[in-house]
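> how does the following fold in three dimensions:
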Amino acid sequence: MSSFSPLEDQIRECFGRVVYTHKTHEKMAEGCAGTLQSYKIAQIAVSAVTAFSALSSIFSNAVALRIGTVALSAVSIWLTGYLKGIDPGGTAQKHRDAAASLWSIRESYLSLLTDLRVNSIDKEEAIRRREQLQTKLDAIYKGAPQTNSAAYGLAQVALKQNDEYTFSDAEIDKFVPASLRKGKGC
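This next block holds a predicted model:
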């Protein structure tokens, strides 16, 4: 095992970075989806108020009501145009796709670490697999959308405080057959 120590340390670092990047892309996707939902709700609200105002102006000769209707129509057009230009739904999907690609790499790094720890592969095989993972990871990073510090902060909270990546033995025992359980009385 001692011959793997520097190699294992480096692979652990890579694994940790992928875990954080994966979770950051998930948080970016959630944020973009939330932005889209907020804009869509605003669009519906402005459209509803515009329709009500337009209908009311038919029965009223109030100039202010007609001006308000025109203003609301302009806001509705601007909001629709703005949404067409930013596409938070498409961005959310790109972040989901990046996270899905990173999940496979994350799990491969974990398997590589396990194989190293139980001595089921030699140093040369570990290096070969590490290089393959780095090549795949490089391709994913080149095609992935940018993340931001806010999403990284949310990923930190999710991973460090909310344990979004970890499971207790009791939780895992609920998913596996009795013969594979670690806990007693499950």
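> contacts, neighbours, all on C-alpha from now
Noted.
> run the chain-centre distance for the longest helix seen in the chain.
Counting by DSSP state H, the longest helix found in the chain is helix 5-59. Chain-centre distance of helix 5-59: 9 Å, with C-alpha atoms, centre = their mean, to the nearest Å.
> list the contacts of the nearest residue to residue 27 once chain neighbours are set aside.
Closest residue in space to residue 27, ignoring its immediate chain neighbours: residue 151 at 5.4 Å, by C-alpha to C-alpha, 6 or more residues apart in numbering. By C-alpha atoms under 8 Å, 6 or more residues apart in numbering, residue 151 lies in contact with 24-25, 27-28, 31.
> got JSON lines for these, with pLDDT, distance to residue 177 and neighbour count too?
What follows is the contacts of residue 151, written out as JSON lines (pLDDT from 0 to 100; distance: C-alpha to C-alpha, whole Å; neighbours: other C-alpha atoms under 10 Å):
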{"residue": "24", "pLDDT": "97", "distance to residue 177": "33", "neighbour count": "25"}
{"residue": "25", "pLDDT": "98", "distance to residue 177": "33", "neighbour count": "28"}
{"residue": "27", "pLDDT": "97", "distance to residue 177": "32", "neighbour count": "25"}
{"residue": "28", "pLDDT": "97", "distance to residue 177": "35", "neighbour count": "29"}
{"residue": "31", "pLDDT": "96", "distance to residue 177": "37", "neighbour count": "17"}
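> which one of those residues is nearest residue 101?
Taking C-alpha to C-alpha as the measure, residue 25 is the one of these closest to residue 101, at 10.5 Å.
> the closest one contacts residue 148, doesn't it?
No. In terms of C-alpha atoms under 8 Å, residue 25 does not count as a neighbour of residue 148; the distance is 9.4 Å.
> how close does the residue nearest in space to the middle of the chain get to residue 169?
The centre of the chain sits closest to residue 26, judged by C-alpha atoms, centre = their mean, with a distance of 1.1 Å. Distance of residue 26 to residue 169, computed by C-alpha to C-alpha, to the nearest Å: 25 Å.
> again with residue 78
Relative to residue 169, and taking C-alpha to C-alpha, residue 78 is found at 53 Å.
> what angle do the helix or strand containing residue 114 and helix 5-59 make?
Element membership for residue 114 (DSSP states H and E) is helix 88-117. Angle between the axes of helix 88-117 and helix 5-59 is 160 degrees (criterion: axes from the mean of the first three to the mean of the last three C-alpha atoms, to 10 degrees).
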